[in-house]
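Engineer: next comes the sequence, and after it the predicted model I'd like to discuss.
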Amino acid sequence: GTRGAGGAGGEEGNAEDGRGDAAMVVSDNMMTADQMEAHADIAMEAGEYEEALDLLDVAVNERVDEFGEDSPECIEGYFMYAKSLMLLQNQRDIDAGSKRPLTQPSAGADTAPAEE
């Protein structure tokens, strides 16, 4: 399995499927939903999208249990989860050779096509 986001945790997850690290990190360290989202953000920046999804799954479910699925407290987690899913699928498409990497325009950059 992979290490917890940012090296947190200390134990490996389920070696069969590479998942389960987030649950270990959460149970070992009793992280809050905010902390899990912060670690998921770090994992996304590092390209560890499955790890981010594991963390966000726990964080979102924790918030849903506490506030309800339609509460404003869940919005950021839903957004981050969707972003992680999109980036993971994009990475899988790139790995399969069926897609080029996504690029993000820099702040203030002209969004018009470069070739004219």
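Structural biologist: Cool, got the structure.
Engineer: elements contacting the top helix by length along the chain?
Structural biologist: Counting residues, the longest helix in the chain under DSSP state H turns out to be helix 75-95. Packing partners of helix 75-95 (3 or more CB pairs under 8 Å, 6 or more residues apart in numbering; DSSP states H and E): helix 33-45, helix 49-67. Backbone N, C-alpha and C define where each C-beta goes, glycine included.
Engineer: 6 Å instead?
Structural biologist: Contact partners of helix 75-95 among helices and strands, from 3 or more CB pairs under 6 Å, 6 or more residues apart in numbering; DSSP states H and E: helix 49-67.
Engineer: model confidence over the helix it packs on, on average?
Structural biologist: In this model, helix 49-67 carries a mean pLDDT of 95.
Engineer: with just CA atoms, put the longest helix of the chain into PDB.
Structural biologist: Provided in PDB are the C-alpha atoms of helix 75-95 (Å, rounded to 0.1, in the frame of the first residue of the first chain):
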ATOM      1  CA  ILE A  75     -19.500  21.600   0.500                       C
ATOM      2  CA  GLU A  76     -15.700  21.800   0.500                       C
ATOM      3  CA  GLY A  77     -15.400  18.000   1.100                       C
ATOM      4  CA  TYR A  78     -17.800  17.300  -1.800                       C
ATOM      5  CA  PHE A  79     -15.800  19.600  -4.100                       C
ATOM      6  CA  MET A  80     -12.500  18.100  -3.100                       C
ATOM      7  CA  TYR A  81     -13.800  14.600  -3.500                       C
ATOM      8  CA  ALA A  82     -15.100  15.400  -7.000                       C
ATOM      9  CA  LYS A  83     -11.800  17.000  -8.000                       C
ATOM     10  CA  SER A  84      -9.800  14.000  -6.700                       C
ATOM     11  CA  LEU A  85     -12.000  11.700  -8.800                       C
ATOM     12  CA  MET A  86     -11.500  13.800 -11.900                       C
ATOM     13  CA  LEU A  87      -7.800  13.900 -11.400                       C
ATOM     14  CA  LEU A  88      -7.500  10.200 -10.700                       C
ATOM     15  CA  GLN A  89      -9.500   9.400 -13.900                       C
ATOM     16  CA  ASN A  90      -7.400  11.800 -15.900                       C
ATOM     17  CA  GLN A  91      -4.200  10.100 -14.500                       C
ATOM     18  CA  ARG A  92      -5.500   6.700 -15.400                       C
ATOM     19  CA  ASP A  93      -6.300   7.900 -18.900                       C
ATOM     20  CA  ILE A  94      -2.800   9.300 -19.300                       C
ATOM     21  CA  ASP A  95      -1.300   6.100 -18.000                       C
END
